[in-house]
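Undergrad: pasting the sequence and the predicted coordinates here, then a few questions.
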Amino acid sequence: MAFTLDTPFGTLLDTPQAKQVIDQHFPGLSTNPLVNMARGMTLNMILAMPQAAQLGLTKEKAEMMLAEVNKNIP
């Protein structure tokens, strides 16, 4: 199963390889208590929020992280 921008963020956090990539690019994000509010949101939904830009999360960066995750998933 390939991850996309329509994958729920919680699914990414529950996948060790994806969580590792998220933590590489956004240290501490996966353990932040507020991240639980975004678990049911897709990456597209998160990207539409102004807070994503404030964190430096762009569509290009999200796609790059997904490509990295997808190549490491058997």
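TA: Received it, and whenever you're ready, just let me know what you need.
Undergrad: OK, contacts around D23?
TA: By C-beta atoms under 8 Å, 6 or more residues apart in numbering, the contact set of D23 is 29-30. Where you see a C-beta, it was placed from the backbone N, CA and C, and this is true even at glycine.
Undergrad: neighbours of F26, just the number please.
TA: F26: 16 surrounding residues under other C-beta atoms under 10 Å.
Undergrad: kindly state the pLDDT recorded for the closest residue to Q17 other than its chain neighbours?
TA: Spatially, and ignoring its direct neighbours in sequence, Q17 is nearest to N72 (4.8 Å; C-beta to C-beta, 6 or more residues apart in numbering). Reading off the per-residue confidence, N72 sits at a pLDDT of 83.
Undergrad: for N72, grab phi and psi.
TA: Taking degrees, to the nearest 10, you get phi -100, psi 0 for the backbone angles of N72.
Undergrad: shouldn't it be in contact with T15?
TA: No: at 10.0 Å, N72 does not count as touching T15 under the criterion of C-beta atoms under 8 Å.
Undergrad: so the two - more neighbours on which side?
TA: The neighbour comparison of N72 against T15 (other C-beta under 10 Å) goes to T15, with 18 against 13.
Undergrad: any idea how far Q24 is from the residue nearest to Q17?
TA: Going from N72 to Q24 by C-beta to C-beta, to the nearest Å gives 12 Å.
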